[in-house]
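Chemist: Fold the following for me, if possible:
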Amino acid sequence: MGTLDKCFDTFIYTEGISSSMDAREIGARFGGLPLVILGLVDIVLILTGSISASREFQELLLRVGFGVLLIGLLLLFLFSVRSVPQDLSFSFMLTQGRNIGRLINALNLEGKGIYFPPVGRLNEDRVYIPLEKRDLPPPDISDVSVFDVGSTGPSMGISLLPPGKGFVDRIEQLTTQPFSKETPMNGTEALEKLSKGSGLMRSLELTDRGERLELEILHNRNDTICSTLWKEYPDLHSKVGCPLCSAALTASARITGAPLRVISVEHDRSRVKYVLERVIG
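Modeler: Purely as a prediction, here's the structure:
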């Protein structure tokens, strides 16, 4: 998780500068390339003597040419370097999602996921995936166990660290505002720290319907991660979710202060809608 957290840190930095990072990057590259060409042409014309002017004026033009060339190279290099950590973050998230998807398939886990916040005996968030489809009470979850055995065989399952946990932890560190201090009544406002504060998601809405909650996630340009994992592992989102959806689910569980079971999930392009249920007892 340490490497992934560092990758998220860099990603948050580069994306948090502006939600229109793509437009700025394209603009910089379109502006940087002409400056490089203009600077090179100016330098070549001066050095080959194609421009007739006084020596002082030629030296001035030469300096201007070098300056324009340097600015163009900086624009091209700066935004190219910034896109590398971003691409690495996407690769990490896809790899992590695929690994969990393969694990779910290999163990033939059929139940829907339950997100546990770090309350009571738990010091860390956990997501529990039951072995069977029946909505049985989950076993006692601990920070160290992976394979959890309940009072009956069908209540067996596995519990993992949510793939979005590192991202939520980092957002809390940056904002110094724990999600556990929030309430479902202002859940949408609290979740803005995950969306607008990072540029990862366009919007998040958490609606309390009494026994159930609705979580609607509208992904930003990074919805290719969510869509790719949805196509490759159709059951992943009902059990764990992609890393971005997992971050929203993790934060929602912290806000409610209670385990949340996935009842249903819908995916429509960049929009994902979860129906969640509080697990009592």
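Chemist: which residues of the stretch 51-200 of the chain fall in helices?
Modeler: Taking DSSP state H, counting those that start in this stretch, the helices of the stretch 51-200 of the chain run over residues 55-107, 165-175, 187-195.
Chemist: right, and those helices - which one's nearest Arg202?
Modeler: Nearest of those to Arg202, taken as Cβ to Cβ: helix 187-195 at 6.4 Å. All C-beta spots, glycine's among them, are computed from the backbone N, C-alpha and C.
Chemist: now the closest one against helix 165-175, angle please.
Modeler: 100 degrees (axes from the mean of the first three to the mean of the last three Cα atoms, to 10 degrees).
Chemist: Give the buried residues for helix 187-195.
Modeler: Gly187, Thr188, Ala190, Leu191, Lys193, Leu194, Ser195 (16 or more other Cβ atoms under 10 Å).
Chemist: Over to stretch 211-227?
Modeler: Quick answer for stretch 211-227 (16+ other Cβ under 10 Å): Leu213, Leu215, Glu216, Ile217, Leu218, His219, Asn220, Asn222, Asp223, Ile225, Cys226, Ser227.
Chemist: Please name whichever of those scores lowest on pLDDT.
Modeler: Lowest pLDDT within the buried residues of stretch 211-227 is found at Asn222 (53).
Chemist: Now do the buried residues in stretch 59-72.
Modeler: Buried, per 16+ other Cβ under 10 Å, within stretch 59-72: Leu61, Leu62, Gly65, Val68, Leu69, Ile71, Gly72.
Chemist: Please convert these to TSV, extending it with pLDDT.
Modeler: Shown next, in TSV, are the buried residues of stretch 59-72 (pLDDT from 0 to 100):
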residue	pLDDT
Leu61	78
Leu62	76
Gly65	74
Val68	75
Leu69	73
Ile71	74
Gly72	70
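Chemist: could I get the residues you listed as CSV with distance to Leu174?
Modeler: Below are those laid out as CSV (distance: Cβ to Cβ, whole Å):
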residue, distance to Leu174
Leu61, 47
Leu62, 46
Gly65, 43
Val68, 38
Leu69, 38
Ile71, 32
Gly72, 34
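Chemist: Would you mind listing where the stretch 51-200 of the chain has pLDDT under the threshold?
Modeler: 73-88, 148-155, 197-199 (pLDDT under 70).
Chemist: residue ranges of the strands in the stretch 101-250 of the chain, please?
Modeler: For the stretch 101-250 of the chain, the strands defined by DSSP state E, counting those that start in this stretch cover 114-116, 126-130, 147-148, 157-160, 201-208, 212-219.
Chemist: nearest to Pro259, of the ones you listed?
Modeler: Of all the strands of the stretch 101-250 of the chain, strand 114-116 sits nearest to Pro259, with 4.8 Å by Cβ to Cβ.
Chemist: The residue most central in space within the chain and Gln96: what is the separation?
Modeler: Centroid-nearest residue in the chain, with Cα atoms, centre = their mean: Leu244, separated by 4.3 Å. Separation of Leu244 from Gln96 (Cβ to Cβ, to the nearest Å) stands at 11 Å.
Chemist: before we move on, what about Val144?
Modeler: 20 Å.
Chemist: Which one's more surrounded, those two?
Modeler: Using other Cβ atoms under 10 Å, the more surrounded residue of Val144 and Gln96 is Gln96, with 20 against 6.
Chemist: Distance check, the closest residue to that one other than its chain neighbours against Val262.
Modeler: In space, and not counting its chain neighbours, Gln96 is closest to Pro163: 5.0 Å by Cβ to Cβ, 6 or more residues apart in numbering. Taking Cβ to Cβ as the measure, Pro163 falls 15 Å from Val262.
Chemist: Same drill for those two, tell me which one is more crowded.
Modeler: Ranked by neighbour count (other Cβ under 10 Å), Pro163 and Val262 place Pro163 first, with 27 against 23.
Chemist: And that one, its phi and psi?
Modeler: phi -60, psi -20 (degrees, to the nearest 10).
Chemist: close enough to count as contact, it and Cys245?
Modeler: No - counting by Cβ atoms under 8 Å, Pro163 sits too far from Cys245 to count as a contact (9.1 Å).
Chemist: quick one on the thing from earlier: now, which of the buried residues of stretch 211-227 sits nearest Val279?
Modeler: Leu213 (11.9 Å).
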